[in-house]
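> 3D, please:
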Amino acid sequence: MGDRFNTVAGWALFAGIIALGGAIVSSQYFHSERPEKMGYAIEGVEAEGEGAAAGPSLNTLLAQADVAAGEKVFAKCAACHTINQGGANGIGPNLYAVVGDEIGHGRAGFAFSEVLKGKGGTWTFDAMDHWLKSPREFAPGTKMTFAGLGNPADRANLIAWMNTQGSNLPLPAADAAPAAEGDNAAAPAEGANAANAAEAPAANAAE
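Numbers count the residues shown, from 1 in each chain. Prediction:
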């Protein structure tokens, strides 16, 4: 009985050793390092943000702004701000003639956050656009809780309308459209034709 038990135990131990060895060998065989960059590229598909059209510039959007539409956008601001001349401060400051004004100061003594008071500069069209897009990005730590306006056209319309409320700064001209490739190709050809035409009389005279 003892011999049989020893035999069975021996075979069980041998099988365990074989299984353990196989696991070690297979793990080494199939082991691979984690790639530095996960995933793989798909041909013809660009990464997010690459090659995407930037859209019209702020200057172009302001030059084409719809002031009436901007007044409607201001309805999102009216819960916290007044914009009439002499209007009272509320949760936010009165915004009459704010375009072009100093950032974080004035406004009938409104209690601006320290981060906005320390920002410096004035409310240019660019600064106002950045602020309206994301107040927290423009001035991290600001008391302004508004998330921002993601639509560039809405921001431009709003800025243009706010500009009519006591500021009346001249709006920038639209940026020039980029020249088409065909126009660039035509220019040298036209120049070459003109040069050839000028050389012809000179060649005839030399003859």
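
> just give the nearest non-adjacent residue to residue 98, would you?
Nearest non-adjacent residue to residue 98, counting by C-beta to C-beta, 6 or more residues apart in numbering: residue 123, 5.7 Å away. For glycine as for every other residue, the C-beta is placed from the backbone atoms N, C-alpha and C.

> again, but for residue 119
Nearest non-adjacent residue to residue 119 (C-beta to C-beta, 6+ apart): residue 103, at 4.9 Å.

> what about the residue nearest to residue 98, how many residues close to it?
Counted with other C-beta atoms under 10 Å, residues neighbouring residue 123 total 21.

> contacting residues around it?
Residues near residue 123 by C-beta atoms under 8 Å, 6 or more residues apart in numbering: 98, 99, 100, 101, 102, 103, 131.

> if we use 6 Å, what do you get?
Taking C-beta atoms under 6 Å, 6 or more residues apart in numbering, we find residue 123 in contact with 98, 99, 101, 103.

> burial count for the first one?
I take that to be residue 98. Residues lying near residue 98 (other C-beta under 10 Å) number 22.

> what helix or strand is it on?
Using DSSP states H and E, residue 98 sits within no helix or strand.

> quick one, grab the pLDDT at it.
As predicted, residue 98 sits at a pLDDT of 97.

> distance of it relative to residue 163?
The gap separating residue 98 from residue 163 is 9 Å, by C-beta to C-beta, to the nearest Å.

> next: the second one.
As for residue 99, its distance to residue 163 is 5 Å (criterion: C-beta to C-beta).

> residues that sit against both of these two, list them.
residue 169.

> tally of neighbours for the residue nearest to residue 91 when sequence neighbours are not counted?
Nearest-residue entry for residue 91: residue 80, 4.0 Å, with adjacent residues in sequence omitted and distances by C-beta to C-beta, 6+ apart. By other C-beta under 10 Å, the residues close to residue 80 number 15.
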